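> quick one, structure for this:
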Amino acid sequence: MAWTIRLTSKVSLCASETEALDPGPETCVTGEMREKMKQAVVIARSMALVARQAVTRHRDLPEVFETLNKYFNLGSDDPNHARVCSRIADVYTRVLSGMDGGYRIRAFASEAVYLGKSLTGTRAFVPGQLAKGGEALGRFFQAADDGGHLDWDRMQEFAYAGSSVAPEKREIHLSLSVIRDDPPEDIARTLVHESTHKWANTDDVCYKHSTVAKQMSSDGETLQALVRQGFSYGAALEPKEHKARVTFVKYRKDGKGPMSIPAYPKNKFVASKEAWINNADSYAWTARRLWKKCETIFRIG
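Numbers count the residues shown, from 1 in each chain. Predicted coordinates for the structure are as follows:
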């Protein structure tokens, strides 16, 4: 059942066009849910904007530096620190450009089945996996500056080469249960996450909830326990008051303990999908954290 709810002058909430994802009639979106979504789309843009400005202008401030180290494993020992920060800011620029151009958010039924897969527990998604999406973004991080201008159109052409999905069909889909149950701030973070999929071809390398630090905070594990499981100190784990930080480490899906995600080489840029520069959740949580700290950042900066 088709319906459209105007959230802002440039953003609409619509029913999914796919019959299997149909959330139901327009009345399924209550007045309270509409107000939350109006707040969320404004906050999402603010998150992306603050992140771009902070990474561009204030990357050496402790709040910004620690955030980039936490979610991108980007430390002071990286000889390309400034350049990688510039590329991260470019991803946020792409997201902002897409948001400002107008977009639709497709609501879908929380218990829907899509392409033979149950979406129960799925917060959001952008349909149409691009085989070369991650590689395209990786190549962008490799590309040399051209007077400060980078060819996103060329990157998009490479990303969509050989793909049957059209860019305009890769719309953000949001679960009706998320719209109903989550606060605007959490919805906004999810929108930033999905926006990097849609407009910057990011991948889901690792979700924050799968990281060792998150597991430890939830399960009460100690750093020593992780070491006994086979983890060693070094690039993967950083001891800090006997706690691990969120770095290139996540738990195996088979439940057999943690695993590491290869970092991009420190002496060159990477075209591999297995790196934080391609990770949507890194951009989403960085934007949220910097947005939460924006008053401090911009007062100091």
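> from here on, contacts and neighbour counts on C-alpha atoms
Noted.
> which parts of the stretch 151-300 of the chain are strands?
Secondary structure of the stretch 151-300 of the chain, counting by DSSP state E, counting those that start in this stretch: strands at 172-175, 249-251, 258-260.
> state the mean pLDDT of the second one.
Regarding strand 249-251, the rounded mean pLDDT is 50.
> wait, Glu194 sits on Ala124?
Yes. With contact defined as C-alpha atoms under 8 Å, Glu194 counts as touching Ala124 (7.3 Å).
> have a look at the two and say which one is more surrounded.
Glu194 (26 against 22; other C-alpha atoms under 10 Å).
> just the pLDDT at that one, thanks.
pLDDT at Glu194 comes out at 97.
> likewise Ala82?
Ala82 carries a pLDDT value of 82.
> helix, strand or coil: sort out it for me.
Look at Ala82: counting by DSSP: H, G, I helix; E, B strand; the rest coil, its state is helix.
> now for it, how many residues are close by?
Per other C-alpha under 10 Å, the neighbour tally for Ala82 reads 15.
> ok, it to Val192 distance?
Distance, Ala82 to Val192, using C-alpha to C-alpha, to the nearest Å: 23 Å.
> can you pull the residues that touch both of Glu194 and Ala124?
Ile172 (C-alpha atoms under 8 Å, 6 or more residues apart in numbering).
> can you list contacts of stretch 13-30?
For stretch 13-30, using C-alpha under 8 Å, 6+ apart, the contacting residues are 1-7, 104-110, 112-114, 173, 176, 180.
> mind checking how far it is from the chain centre?
24 Å (C-alpha atoms, centre = their mean, to the nearest Å).
> now the end-to-end length of that stretch.
12 Å.
> check contacts around Asp90.
For Asp90, the contacting residues are Arg52, by C-alpha under 8 Å, 6+ apart.
> isn't there a helix covering it?
Yes. Assessed by three-state DSSP, Asp90 belongs to a helix.
> what about the residue lying closest to Thr4 once chain neighbours are set aside, which SS state?
In this structure, Thr4 finds its nearest non-sequential neighbour in Cys14, 4.4 Å apart by C-alpha to C-alpha, 6 or more residues apart in numbering. Here Cys14 is strand, with the state taken from three-state DSSP.
> just to revisit the earlier point, buried subset of the contacts of stretch 13-30, written for PyMOL?
Filtering these down to the buried ones (16 or more other C-alpha atoms under 10 Å) takes a single PyMOL command:
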select buried, resi 7+104+105+106+107+108+109+110+112+173+176+180
